[in-house]
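I would like the atomic coordinates for the input below:
(chains A and B)
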Amino acid sequence: MSRSRTTVGKQILNVIAAFGLIYLFVPIIFIVAFSFNNPRGRFNLVWQEFTFDNWLNPFADPGLTSAFLSSLRIAAISTLIATVLGSLMAIALSRYQFKGSNGFNFFLVLPLTAPEIVLGSSLATLFLGQNFVSFGTITIIIAHIMFQVSFVALTVRARIRGFDWTLEQAAQDLGASPARTFWKVTFPLILPGILAASLLAFALSIDDFIITFFNSGSVQTFPIYIYGASRVEISPQINVLASMVLFASVAILAIGTFAGKRKPQVHLRKTRRAVRA
Amino acid sequence: MADRVGLAALLIAALCLVAIGSQWFDGPLNSLVVLILLLTLAGVGVLAWRGGPEARRLLAPYGLLKPGMLWLGLFFLAPLYSLLRISLSTKPSRFSVEYDFSWAFENYTTAFSEFGAQFQRAFTYAAVATVLTILIGYPLAYVIAFRGGKYKNILLGLVVIPFFTSYLIRTIAWSTILSDRGVVVSALDAIGLVPLLEVMQIMDNGRLLNTPAAVIGGLTYNFLPFMLLPIYVSLEKIDVNLMNAANDLYSSNTAAFRKVIFPLSMPGVFAGTLLTFIPAAGDFVNAQFLGNPQTTMIGNSIQDQFLRQNNYPLASAMAAVLMVSIAALVILYTRFFGTEDLA
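Numbers count the residues shown, from 1 in each chain, chains lettered A, B, ... in the order given. Sure thing, here's the model as predicted:
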C-alpha cells in the first residue's frame, strides 16, 4: 500500500519535472524553428513556409549585423578588463587573511543584488553630470565592467576555494622567485576557473539589456537593436543569429564537459612522463 | 602596522574617487581631492618598495583589491550618491539639462502618489513569479539531483541551454506563442478551457497575451534558472545516506523529505528567492512585451520618465524608492529565514 503510493508519488514528481523541462524549451524550439521561416511582410511571427534562405544569408540585415559586431567588440574589451580586475580581487580574498576581508566580501555581493534598473539609471546620472565622456561605446564598456567585476571575483573565488596555497611556499623554498612562482605554479592552476568565469562574464555582457539601455546613447548593441526593431520589423535573421549563439554556446559547453572529463588522464600521463624522465 | 596602512589607503583612495565621481566639491577643493588620491597611492607604493618582504606581504591583498575596488567605488558607489542627489533636485524646465539640488522631497511624494500602483504591481508580480519558480524549479532540481544518475550533467546542461539565447528574443518569442491566434490560445480554445481560465482570471476576453498572467509567466520563465541552480547546488550537497538513515528509522518518504531534505535545501531556496525576486521587481521587459498599459511595473515607469520624458529627478526618486524598499525587504527576509552561507 505504502509502496504503491510512493511509486505513484515518484511518477508524479517525474511528470512535473518533465513539464518544467518542456516549459524551458518551448520558446527555444520556437526561435530555432522560425529561423527557417519565410515570412510574408516585415514581422517574422506567423509560420509561412520552410526555407534555408535566412541561414544562407545570416547577415542580410545590415543594422542587425553591425549591432551584433559592436556587441561582440564591447563584450571582448569589457570581459578582458573585468577578468583581470576580478581575478586579482579573488586571489586577494582567497589567498590572504587580512583586516577587513569580511567587509570586502560583503561589498562584492552588493552590485549583484541591486536591481539592474537601479544600477543602470544611477550610472546614467553619474554620466549626465560631467563633460569627460558622452554616452556611447565607452560608457557601455564602463557599465559592463562594473557588473562583471563582482561576478568574476565571486566566481573565481568559488572556483579556487580549495586551492592549496602551500604549493607556492614549496616553489619558493626550491628557489623560485615570487613572480616565477606565480606564472609557473599558481597561474596555470587557477586558469581554468578564470576562463570559466570570463566566458560567463562575456555571455552576461552580450545579453545585457537594461543597464546598457540607460547608458548607450545612440550606440546599438544586439539587444538594443532588437528592442528598437521589434516595433517596426522582426527579421528572420534575428532568429538565425540567436540560434547561432545558442549552438555555439552548446558546443562550448559540450567541449568544456568533455575536456573536464579527460583532464585527470592528461595529468596522469604527464606525471608518468615526469617520473620516467 | 603595514596592513592598517594598506586598508586605510584603499578606503581613502576609494572615498576620493567617490568624491570626484559624484562631484562633492568643485573648483580648487576638487584638485585637492585628486592630490590626496595620488599622494595616498604613491605613499603605499613607497611603503611597499622600501618596507621589505614582511610589509609587502601585508600590503599585497590591498594592492590586489585596489583596481577592482576603485572601479566599483567610482562606477557603483558614486552613481548611487548622484542618484540620491538628483532625486532631491528640481529641473528649471522640461528641456533643460541642468538641475538644481534643493532637497526637493516632492519628487518622492509624486513618485508615491502617481506611481503607487506600479510599485504595488512590481512587488506583487515579482512575489507571485518567485513562488512559481519555486514550484517549478524545486521538483526539477530534486529530480536532477537525486534521480539524474549518470545523466545529471546532461540534464543540468539542458536546463541552462535555453538561457544562452538573448533575454529579449526569448520574451518576444513568448509574446508570439501566447498571441491571440497562436498555438496556446488555439489549443486552449479547442479543449474548451478558455471559460475556466477566464473565471480564474488568467485569461481575459479570450486573450492570454497582454494580461497580468502573461507578464508573471514571462518573469517566471526568465528567472527560473536563478531559482533552480541554487536549489540544485544545495540538494546536490545532501548526503543520500541521510535519506536512508531516515528510512531505516521507519520514517516515511514524505516525512524524511519534510524533516531532512527540505530543511537542508533551505539555503538554496533562500538564495534563489533573492536572486529571482530582486531582478523581477525591477524588470520592465516582460511587462512591455507581454503586458498592457494596465500591467506596467515600476521599471517601466522609471525607464519612461528617465529616457523618454527626461525627468531625471522623478525617475531617480522612483529608482531610489525601489532600491531602499528592496533592501528593506531583503533585510527583513534575512532576519526571518536567513542562513549563514549566503555568499
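
tally of neighbours for the residue in chain B positioned nearest to chain A?
Going by CB to the nearest CB, chain A is nearest to B:G282 of chain B, at 2.8 Å. C-betas here are computed from N, CA, C, even on glycine. Neighbour count for B:G282, taken as other CB atoms under 10 Å in any protein chain shown: 26.

check B:M200 too.
10.

got it, and B:K150?
Other residues close to B:K150 by other CB under 10 Å number 6.

picking up where we left off before, which residues does the residue lying closest to the residue of chain B closest to chain A once chain neighbours are set aside contact?
In this structure, B:G282 finds its nearest non-sequential neighbour in A:P115, 2.8 Å apart by CB to CB, 6 or more residues apart in numbering or on different chains. Neighbouring residues of A:P115 by CB atoms under 8 Å, 6 or more residues apart in numbering or on different chains: B:I278, B:P279, B:A281, B:G282, B:G299, B:L322, B:M323, B:I326.

picking up where we left off before, okay, the residue of chain B closest to chain A: pLDDT?
For B:G282, the pLDDT comes out at 94.

tell me which element the residue in the stretch 151-277 of chain A positioned nearest to chain B is part of?
Proximity of the stretch 151-277 of chain A to chain B (CB to the nearest CB) peaks at A:S249, 3.7 Å away. With elements taken from DSSP states H and E, the one containing A:S249 is helix A:236-276.

mind showing which ranges of the chain have poor pLDDT?
All of this is about chain A. For chain A, the stretches flagged by pLDDT under 70 are A:1-6, A:256-277.

not quite, go with chain B.
For chain B, the ranges with pLDDT under 70 are B:94-97, B:338-343.

please repeat the previous calculation with a cut-off of 80.
Applying pLDDT under 80 to chain B picks out residues B:1-2, B:26-27, B:91-100, B:181, B:240, B:243, B:247, B:251-253, B:337-343.

helix/strand/coil for B:Y108?
helix (DSSP: H, G, I helix; E, B strand; the rest coil).

how about B:T220, what does it touch?
Contacts of B:T220 (CB under 8 Å, 6+ apart): B:A129, B:L132, B:T133, B:I136.

rerun at 6 Å
Contact analysis of B:T220 by CB atoms under 6 Å, 6 or more residues apart in numbering or on different chains lists B:A129, B:L132, B:T133.

by contact count, what packs against the helix or strand where B:A111 lies?
Assigned by DSSP H and E, B:A111 falls within helix B:106-147. If you count contacts as 3 or more CB pairs under 6 Å, 6 or more residues apart in numbering or on different chains; DSSP states H and E, helix B:106-147 packs onto helix A:2-34, helix B:212-236, helix B:262-282, helix B:298-303, helix B:312-337.

what angle separates it from helix B:212-236?
Interaxial angle, helix B:106-147 versus helix B:212-236 (axes from the mean of the first three to the mean of the last three CA atoms, to 10 degrees): 50 degrees.

what does the next helix or strand after helix B:106-147 rub up against?
Sequence order places helix B:152-160 as the next helix or strand after helix B:106-147, per DSSP H and E. By CB under 6 Å, 6+ apart, the residues outside helix B:152-160 that reach it are A:L253, B:I144, B:G148.

of the residues you listed, buried ones?
A:L253, B:I144, B:G148 (16 or more other CB atoms under 10 Å in any protein chain shown).

tabulate those residues (TSV), appending distance to A:S101.
Formatted as TSV, the buried ones among the contacts of helix B:152-160 follow (distance: CB to CB, whole Å):
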residue	distance to A:S101
A:L253	33
B:I144	34
B:G148	36
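
re the thing from before, nearest to B:Q120, out of the helices and strands packed on helix B:106-147?
helix B:298-303 (8.9 Å; CB to CB).

so is the closest one next to chain A?
Yes: using CB under 6 Å from any CB of the partner chain, we find that helix B:298-303 touches chain A at B:G299, B:I302.

list the contacts of A:S216.
Contacts of A:S216 by CB under 6 Å, 6+ apart are A:I140, A:I224.

how about stretch A:96-115: buried residues?
For stretch A:96-115, the neighbour count (16+ other CB under 10 Å) marks A:Y96, A:F98, A:G100, A:S101, A:F104, A:F107, A:L108, A:P111, A:L112, A:T113, A:A114, A:P115 as buried.

same list (the residues you listed) but as CSV, adding secondary structure.
Putting the buried residues of stretch A:96-115 into CSV (three-state DSSP) gives the following:
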residue, secondary structure
A:Y96, coil
A:F98, coil
A:G100, coil
A:S101, helix
A:F104, helix
A:F107, helix
A:L108, helix
A:P111, helix
A:L112, helix
A:T113, helix
A:A114, coil
A:P115, coil
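
quick check, nearest of the residues you listed to B:A9?
A:G100 (11.9 Å).

the nearest residue to that closest one once chain neighbours are set aside and A:S101: what is the separation?
With sequence-adjacent residues excluded and distances taken as CB to CB, 6+ apart, A:G100 is closest to B:L7, at 5.1 Å. Plainly put, B:L7 is 10 Å away from A:S101 if you go by CB to CB, to the nearest Å.

now swap in B:L235 and tell me
30 Å.

A:S122 too?
Taking CB to CB, one finds A:S122 at 27 Å from A:S101.

I'd say the residue nearest to A:G100 and A:K99 touch.
Yes: assessed by CB atoms under 6 Å, B:L7 is found in contact with A:K99 at 5.3 Å.

return every residue with contacts to both of the two.
Joint contacts of B:L7 and A:K99 (CB under 6 Å, 6+ apart) do not exist.

what's the closest non-adjacent residue to B:N30?
Using CB to CB, 6+ apart, the nearest residue to B:N30 is B:I20, at 6.7 Å.

just the C-alphas of the helix or strand hosting B:W174, formatted as PDB.
In this assignment (DSSP H and E), B:W174 forms part of helix B:167-177. The C-alpha coordinates for helix B:167-177 follow below in PDB (Å, rounded to 0.1, in the frame of the first residue of the first chain):
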ATOM      1  CA  TYR B 167      16.700  37.600 -23.000                       C
ATOM      2  CA  LEU B 168      14.800  39.900 -25.300                       C
ATOM      3  CA  ILE B 169      14.400  37.300 -28.000                       C
ATOM      4  CA  ARG B 170      13.000  34.800 -25.500                       C
ATOM      5  CA  THR B 171      10.500  37.300 -24.300                       C
ATOM      6  CA  ILE B 172       9.500  38.300 -27.800                       C
ATOM      7  CA  ALA B 173       9.100  34.500 -28.600                       C
ATOM      8  CA  TRP B 174       6.700  34.200 -25.700                       C
ATOM      9  CA  SER B 175       4.600  37.100 -27.000                       C
ATOM     10  CA  THR B 176       4.200  35.200 -30.300                       C
ATOM     11  CA  ILE B 177       3.500  31.900 -28.600                       C
END
